[in-house]
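[1] Got a sequence here, can you build the structure:
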Amino acid sequence: RAWKEAFKTKAGILEGVCKAPPIEEDHEYEFRVIACNAAGPSEPSDPSITIKAKIRFMKPRIDRKTLQKKILHVDQMLRIEVDFVGEPDPNVTWTLPNGNKLLPDDERIILDTNIDDRHTSILVRKCARSDTGTYRIMAKNDQGSDEAECEVLVVCVPGKPMGPLEVSNITSHSCHLDWRPPKDDGGDPVKYYIVEKMDTEKGVWLPCGETEGKTTEFDVEGLNEGSFYLFRVKAVNNQGESEPLEADAAICAKNPYDPPGPPEKPEIDDWDKKWVKISWEPPLDDGGSRITHYVVERQEEFSAKWFKHMDTDTDECKAKCTDLTEHSKYKFRVRAVNRAGPGEPSEPSKEVTCKTRNAPPVIDRTNMDDVKVKCGEPLKLNIKVSGEPDPEKVWWLGPAEVKSSTNLNITMEAHKTIFHIVTAKREYTGIYTLKAKNKNGKDEAELNVLCVGPPDKPQGPIKYEDIYADRVTIHWKVPKDDGGSPITHYIIEKMEVGSEQWIPCGKAFDLKITIESLEEGHEYMFKIKAVNAEGESEYLESGDTVLAKNPYDPPGPPGKPT
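    Coordinates of the predicted model:
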């Protein structure tokens with residue numbers, strides 16, 4: 001470093017003032033003096049003590065740039081750092097949120113103040129919820145004082161809700177809970193509460209549900225009658241769940257009243273094909289609570305189970321059971337319902353059949369379209385016949401009544417008849433008439449049955465004409481029965497007398513054919529079968545043979561020439 005001239009004085013003046021420049025604030029300086037005469041400057045004096053160029057008198061001022069509100073989570077580190085100025089050296093003190101002054105030897109909060117650097121700070125390595133509040137700093141000297149604040153919010157899970165946890169409105173399946181909000185919401189508003197239950201026999205906490213928002217009550221459902229339960233509630237904010245508030249004692253899920261007794265046996269008042277009206281007398285015992293309505297149950301034919309059919313709207317002792325199946329048989333029973341739930345069922349009613357009470361016969365023609373069946377195959381038709389009372393049913397084929405047989409079974413059942421051909425034959429072809437009648441009227445419907453199969457063999461005899469040495473024309477007649485399907489053609493075969501082998505020799509679409517390629521002098525037999533879409537008939541064989549020979553002979557020899 002170099003010495004620089006600061007100022008000069010006149011002879012005899014032994015003091016002076018050094019001003020800026022060259023003096024700069026906050027810089028440290030030393031001074032020395034040199035005497036001058038005509039001979040020149042003397043040796044310099046010893047240096048003065050070191051002096052810092054600064055304001056000597058200033059009211060303290062705290063820099064608030066670092067004092068914005070601080071939000072932390074539990075166990076995070078809290079640090080507040082502050083710069084300040086003031087001359088002479090201010091005395092700096094901190095005041096905690098609880099109003100106590102912070103001491104240098106505090107075990108949790110570390111205080112560090114450097115007067116020379118005009119800096120002070122406090123440090124909490126792991127802050128707690130109790131560190132929330134306003135921290136105050138004061139800097140003071142003989143020129144005055146300055147005070148500043150810093151807001152600190154330490155957030156965590158809420159405290160547990162405040163008790164007692166009250167249980168009320170206990171029934172066999174539900175109860176009502178009430179409690180109070182926690183004293184401390186953890187610095188973060190409570191969003192909702194979690195409610196849990198524990199069956200004391202099982203010893204496991206299970207969720208019941210969550211409240212809607214901050215409401216401090218909850219209706220618990222789904223309890224098992226006769227079981228003992230404990231309940232607990234936890235507050236929830238964005239930081240998590242609080243410790244639980246538990247009820248003081250277990251409660252038993254039991255109604256303060258009993259289910260009603262059984263009503264009287266229901267009576268069948270009226271019915272139709274889709275509904276039944278019933279009525280009954282109320283139970284002798286209402287269980288200590290007013291009967292609100294009734295549950296009607298049904299049992300179907302051939303079933304041992306009872307099914308809930310409907311709930312009545314009022315406590316009126318009658319009901320109309322709808323949406324039933326026509327021709328089905330039902331029994332009904334009734335349960336009374338009060339606040340405890342449904343009681344024991346009544347005795348079952350008499351069995352009733354859902355049907356129209358008075359109606360003329362109506363034959364369901366859905367299965368009575370014209371039907372074609374191949375011979376040898378079965379045909380079975382279920383035909384419904386409605387009407388009340390159940391109509392009398394008879395099948396006719398032409399003028400004759402159809403009687404059930406081994407191969408043609410006619411079955412009569414309630415409100416239906418079964419037409420069953422076990423094995424179809426051509427003889428079952430025809431127009432059948434089903435007639436039904438009761439006291440309210442009658443109905444009839446036709447069923448056209450066509451049994452199809454191969455045709456009968458062609459009718460004979462086979463006739464020959466135009467017999468020549470190499471050909472012959474044969475004739476026959478159509479089969480008596482075409483099998484219910486038009487004949488498409490005929491197949492002709494030939495066999496030479498003395499041979500046992502039949503050989504196909506033609507296909508005809510009419511009732512005659514000319515067979516060619518015969519050998520002169522040979523004798524032949526023929527057979528013919530008819531063909532339709534269902535198959536081939538048996539053969540019609542010729543009874544007579546035919547000789548392949550021209551109908552004329554060569555002329556005899558002429559007379560002896562002369």
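
[2] list the contacts for residue 357?
    Neighbour list for residue 357: 271-272, 388 [criterion: C-beta atoms under 8 Å, 6 or more residues apart in numbering]. Bear in mind the C-beta positions are built from the backbone N, C-alpha and C, glycine included.

[3] Ok, residue 102 next?
    93-96, 109, 111, 122.

[4] Residue 30 too?
    With C-beta under 8 Å, 6+ apart, residue 30 has these contacts: 47-51.

[5] any idea whether the residue lying closest to it once chain neighbours are set aside is helix, strand or coil?
    Sequence neighbours aside, residue 47 is the residue nearest to residue 30 in space, at 4.3 Å (criterion: C-beta to C-beta, 6 or more residues apart in numbering). What DSSP: H, G, I helix; E, B strand; the rest coil gives for residue 47 is coil.

[6] Report how many residues lie close to residue 47.
    Close neighbours of residue 47, defined as other C-beta atoms under 10 Å, add up to 12.

[7] Next, give phi and psi for it.
    Dihedral angles of residue 47 (phi, psi; degrees, to the nearest 10) stand at phi -70, psi 150.

[8] Show me where the stretch 151-300 of the chain has its strands.
    Under the criterion DSSP state E, counting those that start in this stretch, the stretch 151-300 of the chain contains strands at 162-168, 174-180, 192-199, 205-210, 217-221, 228-237, 240-241, 245-246, 251-252, 267-271, 276-279, 293-300.

[9] tell me which residues in the longest one are buried?
    For strand 228-237, the neighbour count (16 or more other C-beta atoms under 10 Å) marks 228-237 as buried.

[10] Check the fourth one too.
    Of all the residues in strand 205-210, those buried under the rule 16+ other C-beta under 10 Å are 208-209.

[11] So which helix or strand of the protein has the lowest pLDDT on average?
    Using mean pLDDT, DSSP states H and E, strand 51-52 stands out as the lowest-scoring helix or strand of the chain, at a mean of 80.

[12] chain center to that strand: distance?
    On the basis of C-alpha atoms, centre = their mean, to the nearest Å, strand 51-52 sits 86 Å off its chain's mean C-alpha point.

[13] re earlier: the residue nearest to residue 30 is in contact with residue 29, isn't it?
    No: contact criterion C-beta atoms under 8 Å: residue 47 and residue 29 do not qualify, at 9.8 Å.

[14] Now do the shared contacts for those two.
    Both residue 47 and residue 29 lack any common contacting residue under the criterion C-beta under 8 Å, 6+ apart.

[15] circling back: lowest pLDDT pick from the contacts of residue 357?
    Model confidence across the contacts of residue 357 bottoms out at residue 388, which has 83.

[16] what is it paired to in the beta sheet?
    Bridge pairing for residue 388 (DSSP bridges) gives the partners residue 359.

[17] Would you confirm that it contacts residue 441?
    No: using C-beta under 8 Å, residue 388 is not in contact with residue 441; the gap is 10.9 Å.

[18] Those two: who's more crowded?
    When neighbours are counted by other C-beta under 10 Å, residue 388 comes out ahead of the other of residue 388 and residue 441, with 19 against 13.

[19] which regions of this structure sit below the pLDDT cut-off?
    For the chain, the stretches with pLDDT under 70 are 1, 18-22.

[20] Pull the contacting residues for the nearest residue to residue 541 once chain neighbours are set aside.
    With sequence-adjacent residues excluded and distances taken as C-beta to C-beta, 6+ apart, residue 541 is closest to residue 527, at 4.3 Å. Neighbour list for residue 527: 492-493, 495, 502, 539-542 [criterion: C-beta under 8 Å, 6+ apart].

[21] Now secondary structure and distance to residue 214 too, for these, in TSV please.
    Compiled in TSV, the contacts of residue 527 are given as follows (DSSP: H, G, I helix; E, B strand; the rest coil; distance: C-beta to C-beta, whole Å):
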residue	secondary structure	distance to residue 214
492	strand	105
493	strand	105
495	strand	111
502	coil	106
539	coil	102
540	strand	105
541	strand	108
542	coil	112
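
[22] Of these, which is the most crowded?
    residue 540 (22 neighbours).

[23] ok, that residue touching residue 459?
    Yes: Residue 540 sits in contact with residue 459 when judged by C-beta under 8 Å, with a separation of 7.2 Å.

[24] so what's in contact with those two at the same time?
    residue 476.

[25] what are the ranges of the strands in the stretch 301-450 of the chain?
    In the stretch 301-450 of the chain, the strands defined using DSSP E, counting those that start in this stretch lie at 307-311, 318-321, 329-338, 341-342, 352-353, 359-363, 371-374, 379-388, 392-397, 400-401, 408-413, 416-421, 430-438, 441-452.

[26] Would you mind finding the most buried of those?
    Comparing those by mean neighbour count (mean count of other C-beta atoms under 10 Å), strand 329-338 ranks first with a mean of 22.

[27] what's the angle between that strand and strand 307-311?
    In terms of direction (axes from the mean of the first three to the mean of the last three C-alpha atoms, to 10 degrees), strand 329-338 departs from strand 307-311 by 60 degrees.

[28] got the contact list for residue 450?
    Counting by C-beta under 8 Å, 6+ apart, residue 450 touches 370-373, 429, 484.

[29] thinking again about what came up before, just checking, what packs against the least confident helix or strand of the chain?
    Applying 3 or more C-beta pairs under 8 Å, 6 or more residues apart in numbering; DSSP states H and E, one finds that strand 51-52 makes contact with strand 28-29.

[30] following the strand it packs on, which helix or strand shows up next?
    Downstream of strand 28-29, the first helix or strand assigned by DSSP states H and E is strand 36-37.

[31] helices and strands around that next one, which ones?
    Helices and strands touching strand 36-37, by 3+ C-beta pairs under 8 Å, 6+ apart: there are none.

[32] can you give me the end-to-end distance of stretch 73-81?
    Counting by C-alpha to C-alpha, to the nearest Å, you get 19 Å between the two ends of stretch 73-81.
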